[in-house]
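Undergrad: fold the following and give me the result.
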Amino acid sequence: MKHDRGQATVELALVLPFLCTLVLGVVQVAVLGRDRLAVQLAAREAARAASVAADPRAAAAAGATAVDLSGLEVEVFPAGTTVRAVARYTDPTEVPLIGLVLPDVVVEAEVTMAVEPP
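TA: Below is the predicted model:
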């Protein structure tokens, strides 16, 4: 069939932008998932450090150094027999094409632990 030459090329040219956008969207979701897990880890580490530390507020640095996210904010709130740690991170959507469509996402995690006696 001589008149069908180039049909596959035209179909590929029509589908390729959608396929690339889909792949980049999957990459962005994976990056958000990774950063969400990192923020949860930071909150858990800060709460754990604050539950055994003499000065719970100074333990917030333990959560911030547990993961490698610049701009991560960790706060510790002691409340009697418990301590609550809150970690916040603004995750930039920088994946090409997708970053232009989606705004930056704020990821937040909160962990409460019992204070352990010394």
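Undergrad: ok, the residue nearest the centre of the chain - contacts?
TA: Nearest to the mean C-alpha position of the chain, by CA atoms, centre = their mean, lies Asp35 at 2.1 Å. Taking CB atoms under 8 Å, 6 or more residues apart in numbering as the criterion, Asp35 is in contact with 69, 89, 91, 107. (Glycine included, C-beta is placed from N, CA and C.)
Undergrad: could you pull up the mean pLDDT of stretch 51-71?
TA: With pLDDT averaged residue by residue, stretch 51-71 scores 81.
Undergrad: and it, which residues are buried?
TA: For stretch 51-71, the neighbour count (16 or more other CB atoms under 10 Å) marks 51, 53, 56, 59-60, 62-63, 66-67, 69 as buried.
Undergrad: which single one of those residues is nearest to Ala13?
TA: Closest approach between these and Ala13, by CB to CB: Leu69, at 39.4 Å.
Undergrad: run the chain-centre distance for the biggest helix by length in the chain.
TA: Using DSSP state H to define each element, the chain has its longest helix at helix 7-52. Counting by CA atoms, centre = their mean, to the nearest Å, helix 7-52 is centred 9 Å from the centre of its parent chain.
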